[in-house]
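Undergrad: here are the coordinates; sequence isn't available:
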């Protein structure tokens, strides 16, 4: 489980991009607040931040011609197995860059190294 640094999203190979979409879906659904060392920082923020991040992934998927279930474009949607968020209860946080403070330059390098170790060379490198 990992949320790639948002600057990498446009350059992720297809498997990683689609995997990122599945990861976001899982975290927004039954995976919300389930402990995992790599993504625990997500749970220190409103679920709205995860929605904002997920939209970046969805937009890149659409740019490449992939189809997504449009239900995921609703900030309250959590999948078929979870009741939706009540938007009145969800803290709607303004969009920041990066979306998550953890996604700093050190995290960017960590993500690049992780991809490199998997044998993945990004197109802009």
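TA: Alright, I've got the coordinates. The structure presented is a predicted model; accordingly, all values stated were derived computationally and were not measured.

Undergrad: Name the single longest helix found in the chain.
TA: When the chain is parsed with DSSP state H, its longest helix is helix 47-63.

Undergrad: helices or strands next to that one in the packing?
TA: In terms of contacts (3 or more C-beta pairs under 8 Å, 6 or more residues apart in numbering; DSSP states H and E), helix 47-63 is packed against helix 14-28. Any C-beta I mention is one placed from the backbone N, CA and C, and that applies to glycine too.

Undergrad: quick one: contacts for residue 87?
TA: By C-beta atoms under 8 Å, 6 or more residues apart in numbering, residue 87 lies in contact with 75, 76.

Undergrad: I'd like the distance between it and residue 5.
TA: Note on residue 87: its distance to residue 5, by C-beta to C-beta, to the nearest Å, is 28 Å.

Undergrad: The chain: strands as residue ranges?
TA: Taking DSSP state E as the test, none of the chain falls into strands.

Undergrad: shaky segments in this protein?
TA: Residues of the chain that meet the criterion pLDDT under 70 lie in 123-125.
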